[in-house]
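> The sequence isn't on hand, but the structure is:
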């Protein structure tokens, strides 16, 4: 008796996770180290103007997350629907739009730099000059950041996850090297730190463009009419806003928290918040790496109604983010001095404020991990409204509302406490919603992640790349479907496909076969990690021996190369 062992999903998750994790690590560790270098070279006090500019970065993150990630999810769904033209349309619209928006952001930023800097320093006007200096050098790199990051999402969805890692790693290595060169040797100070970041983005953009020269890429730019372009852009924004809205709320949250800290604690509070915020870069290595690995896989498997596959991926993802966040939380609660030493905080007035802030802020890490993952999950299963509500609650309404109330009641500590309480209330909301949705659907959807129950008429099997196993599995399916008039045809179709997959590849370790016995038809879904080939298209290099037999058996055959897998769906009418 063959059963599904999830080896294929485990292999695919690992294949995507490690490069995505390293990509996230390259970005977030380098941002973390970037802050350390600035602290050591020109003093921890300079974290205050950098923290004041943070809302600008999160706003740009909002743009490229919304269009880049939203477009890549829709692109993956289109591939799951075997619609190459639609997937190419999402790709074309997302990349061209983001490049144009990035240039527009730079132009507006340079024209109105003084006004923007004054707004960012509304509660600490003494920082305006330093903020303006940093802002101008940073804003010139925004077109490169938008292009590099948005393209990375599509490249991962196209089954080539290592290239984005290399590009972003090199970009951040260049950033760190240029930090030292511009600040220490050229003497550019804060503007040197920002210019180093922009230089890294430019180099990363050049590296990631190698994608267009890779023969295995499946995404292409296509010409589109203007009305169609705006229609696709509207769909992309709608899809991506739910998860990217976290960056919108983070932008507003950072701006308002900076004002409150300036009012209740002063410059030391902004320095402390800068260190707490930078500590999140370590946590986000695991959160972003896991969420962006999970998102395209879940979107494809949920679209194909493979709900047990969705359960496997989300459970694996949840374990990673909870363990990582819990370990980091304990570390910083027990040893907050570690961040104090790393950031070279020596000002006696800053030390007690920073230590206190780190301990309280670290309590929120586990809640942050769960709500962050859930936001991406809700988007992946096309529950954009739920994702948006969670982002709004966790990212803005609760922390800001609580910060206002608690800071007024107990002072500066109320601001730090507000983050943990906001995460706890958001998780309670998700739990309550999942119970409500379970009752609303009469138990069809269940659990914290409101996934659909498996269907008794769905049979899931995994085999190794062995001819004997393929033949035995086809017979087993026929025995199970005995009494169904299409049982023999289904058995023959499975055998033909599996044998030809095995014969076409020198080595294929795992093949997933899912048979759905519907009222009107039987669907056979087959996924393998073998070489790219379409069973219904003649190919001189990859000859399918019995293509004519399969076409006579099947009423419909759909094929797509998705997530680096051959995905074939055969329909046989009852």
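Looks like it arrived, so ask away. Every value quoted in this text rests on a predicted model; they were computed, and no experiment measured them. Residues are numbered from 1 along each chain as shown.
> Name the nearest residue to residue 106, ignoring sequence neighbours.
Distances taken as CB to CB, 6 or more residues apart in numbering place residue 142 nearest to residue 106, at 5.1 Å, with adjacent residues excluded. The way it works is simple: take the backbone N, C-alpha and C, and place the C-beta from them, glycine included.
> and what of residue 376?
Leaving aside its sequence neighbours, residue 376 sits nearest to residue 291 (CB to CB, 6+ apart; 3.9 Å).
> quick one: which helix or strand includes the one you found?
Using DSSP states H and E, the element containing residue 291 is helix 267-303.
> Relative to the whole chain's centre, how far out is that helix?
Helix 267-303 has its average C-alpha position 9 Å from the chain's average C-alpha position, going by CA atoms, centre = their mean, to the nearest Å.
> Output the lowest mean pLDDT helix or strand found in the chain.
Using mean pLDDT, DSSP states H and E, the weakest-scoring helix or strand in the chain turns out to be helix 547-553, at a mean of 66.
> Could you give the number of residues near residue 419?
Around residue 419 sit 24 other residues, with neighbours defined as other CB atoms under 10 Å.
> I meant to write residue 507 there.
Using other CB under 10 Å, residue 507 has 8 neighbouring residues.
> so what's the residue nearest to residue 106 up against?
Counting by CB atoms under 8 Å, 6 or more residues apart in numbering, residue 142 touches 60, 102, 105-106, 109, 201.
> Identify, from those residues, the entry nearest to residue 311.
Of all the contacts of residue 142, residue 311 sits closest to residue 60, with 35.1 Å by CB to CB.
> host element of the closest one?
Residue 60 belongs to helix 47-64, assigned by DSSP H and E.
> Quick one: list the elements packing against that helix.
Where contact means 3 or more CB pairs under 8 Å, 6 or more residues apart in numbering; DSSP states H and E, helix 47-64 is packed against helix 7-42, helix 84-111, helix 113-120, helix 128-139, helix 142-157, helix 189-208, helix 226-264, helix 267-303.
> and stretch 88-96, how far from the chain's centre?
When C-alpha coordinates are averaged (CA atoms, centre = their mean), stretch 88-96 and its chain have centres 18 Å apart.
> Flag the shaky bits of the stretch 1-150 of the chain, pLDDT-wise.
Of all residues in the stretch 1-150 of the chain, those with pLDDT under 70 make up the ranges 1-2, 22-35, 44-47, 51, 123-124.
> Recalculate using a threshold of 90.
For the stretch 1-150 of the chain, applying pLDDT under 90 flags the ranges 1-66, 68-87, 116-135, 137-138, 149-150.
> what element comes up after the helix holding residue 60 heading to the C-terminus?
Once helix 47-64 ends, the next helix or strand along the chain (criterion: DSSP H and E) is helix 70-80.
> got the angle for that next one vs helix 226-264?
Counting by axes from the mean of the first three to the mean of the last three CA atoms, to 10 degrees, helix 70-80 points 140 degrees away from the direction of helix 226-264.
> sorry, back to before: work out the gap between the helix holding residue 60 and the centre of the chain.
Helix 47-64 has its C-alpha centroid displaced from the chain centroid by 19 Å (CA atoms, centre = their mean).
> how about that helix: buried residues?
Of all the residues in helix 47-64, those buried under the rule 16 or more other CB atoms under 10 Å are 47-64.
> Kindly report the same for stretch 393-411.
Here stretch 393-411 shows 393-400, 402-403, 406-407 as buried, counting by 16+ other CB under 10 Å.
> With pLDDT as added columns, please give these in TSV.
Output for those, formatted as TSV (pLDDT from 0 to 100):
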residue	pLDDT
393	88
394	85
395	80
396	83
397	88
398	90
399	88
400	88
402	90
403	86
406	87
407	82
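> Just give the nearest non-adjacent residue to residue 437, would you?
Spatial nearest neighbour of residue 437, excluding adjacent residues (CB to CB, 6+ apart): residue 450 at 5.1 Å.
> Touching, that neighbour and residue 436? I think so.
No - shown here, residue 450 and residue 436 do not form a contact pair, counting by CB atoms under 8 Å, at 9.7 Å.
> quick one: average pLDDT of stretch 530-542?
On average, the pLDDT along stretch 530-542 is 60.
> just checking, residue 402 touches residue 420?
No - using CB under 8 Å as the test, residue 402 is too far from residue 420 to be in contact (9.5 Å).
> Go through the buried residues of stretch 393-411 and say which is closest to residue 179.
Closest to residue 179, out of all of the buried residues of stretch 393-411 and judged by CB to CB, is residue 395, at 29.5 Å.
> Buried residues, stretch 424-437. List them.
By 16+ other CB under 10 Å, the buried positions in stretch 424-437 come out as 425-427, 429-430, 433-434, 437.
> can you check stretch 553-561 too?
For stretch 553-561, the neighbour count (16+ other CB under 10 Å) marks 553-554, 557-561 as buried.
> Give the helix, strand or coil label for residue 567.
Three-state call for residue 567 (DSSP: H, G, I helix; E, B strand; the rest coil): strand.
> That one: neighbouring residues, count only.
Applying other CB under 10 Å, we find 20 residues neighbouring residue 567.
> What residues are bridge-paired with it?
Judged by DSSP bridges, the bridge partners of residue 567 are residue 527, residue 560.
> any idea how far it lies from residue 224?
Using CB to CB, to the nearest Å, one obtains 26 Å as the distance from residue 567 to residue 224.
> Report the contact partners of the residue nearest to residue 437.
Taking CB under 8 Å, 6+ apart as the test, what residue 450 contacts is 383, 433-434, 437-438.
> same thing but 10 Å
Residue 450 makes contact with 377-378, 381, 383, 386, 430, 433-438, 441, 444, according to CB atoms under 10 Å, 6 or more residues apart in numbering.
> can those residues go into JSON lines with extra columns for distance to residue 213 and secondary structure?
Below are those laid out as JSON lines (distance: CB to CB, whole Å; DSSP: H, G, I helix; E, B strand; the rest coil):
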{"residue": "377", "distance to residue 213": "34", "secondary structure": "helix"}
{"residue": "378", "distance to residue 213": "36", "secondary structure": "helix"}
{"residue": "381", "distance to residue 213": "35", "secondary structure": "coil"}
{"residue": "383", "distance to residue 213": "38", "secondary structure": "coil"}
{"residue": "386", "distance to residue 213": "40", "secondary structure": "helix"}
{"residue": "430", "distance to residue 213": "44", "secondary structure": "helix"}
{"residue": "433", "distance to residue 213": "46", "secondary structure": "helix"}
{"residue": "434", "distance to residue 213": "46", "secondary structure": "helix"}
{"residue": "435", "distance to residue 213": "51", "secondary structure": "helix"}
{"residue": "436", "distance to residue 213": "50", "secondary structure": "helix"}
{"residue": "437", "distance to residue 213": "46", "secondary structure": "helix"}
{"residue": "438", "distance to residue 213": "49", "secondary structure": "helix"}
{"residue": "441", "distance to residue 213": "48", "secondary structure": "coil"}
{"residue": "444", "distance to residue 213": "47", "secondary structure": "coil"}
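> a markdown table please, covering those residues and showing pLDDT.
Converted to a markdown table, these look like this (pLDDT from 0 to 100):
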| residue | pLDDT |
| --- | --- |
| 377 | 89 |
| 378 | 88 |
| 381 | 83 |
| 383 | 83 |
| 386 | 87 |
| 430 | 93 |
| 433 | 92 |
| 434 | 89 |
| 435 | 90 |
| 436 | 91 |
| 437 | 87 |
| 438 | 86 |
| 441 | 82 |
| 444 | 79 |
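> Alright, that wraps it up for me.
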